[in-house]
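> Model the structure of this input:
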Amino acid sequence: MTTKEYRGTGRRKTAIARVKLVPGKGKLIINNRTGKDYFGNLPTMEMTVYRPLVLTQKEKEYDIKVSVIGGGISAQAGAIKHGVARALVLMNEENREVLRTEGLLTRDPRVKERKKYGQKRARKRFQFSKR
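Next up, the predicted model:
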């Protein structure tokens, strides 16, 4: 007996999430820890992860198993959301329209700008002194 699983890769900032959707009861497992344990006292992060499933009304049908590296907690939650959305499209092509209108299939291109030479940071300059 083989269970059908769907995989998706999500990215945000420097975080990369490899997501597996497997039939289940809606559990979230991130790097072998539960969602509550991983995100701690930040329920908005868990809501972010479940958003694609809620929109497609499959939040109680699939478990989410994730391996995520890089970035911070917020970037990782965004990467997982992106991966879940991609997996849902592989599951059923009809999900694409719903997820596309909510902007969940678009990779957020914003990343940290590099520091430039002769400057303090990416855009901040050293104080100018006339004399």
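
> what packs against the longest helix along the chain?
The helix spanning the most residues in the chain, taking DSSP state H as the definition, is helix 73-91. Counting contacts by 3 or more Cβ pairs under 8 Å, 6 or more residues apart in numbering; DSSP states H and E, helix 73-91 packs against strand 6-12, strand 15-23, helix 43-55, strand 62-69, helix 95-101. Any C-beta I mention is one placed from the backbone N, CA and C, and that applies to glycine too.

> which of the residues in it are buried?
Residues 74-89, 91 are the ones in helix 73-91 that count as buried (16 or more other Cβ atoms under 10 Å).

> Could you check how far it is from the centre of its chain?
Centroid separation for helix 73-91 versus its chain: 4 Å, with Cα atoms, centre = their mean, to the nearest Å.

> between it and strand 6-12, how big is the angle?
With axes from the mean of the first three to the mean of the last three Cα atoms, to 10 degrees applied, the angle from helix 73-91 to strand 6-12 works out at 150 degrees.

> report the angle between the axes of helix 73-91 and strand 62-69?
Going by the same axes, to 10 degrees, helix 73-91 makes 130 degrees with strand 62-69.
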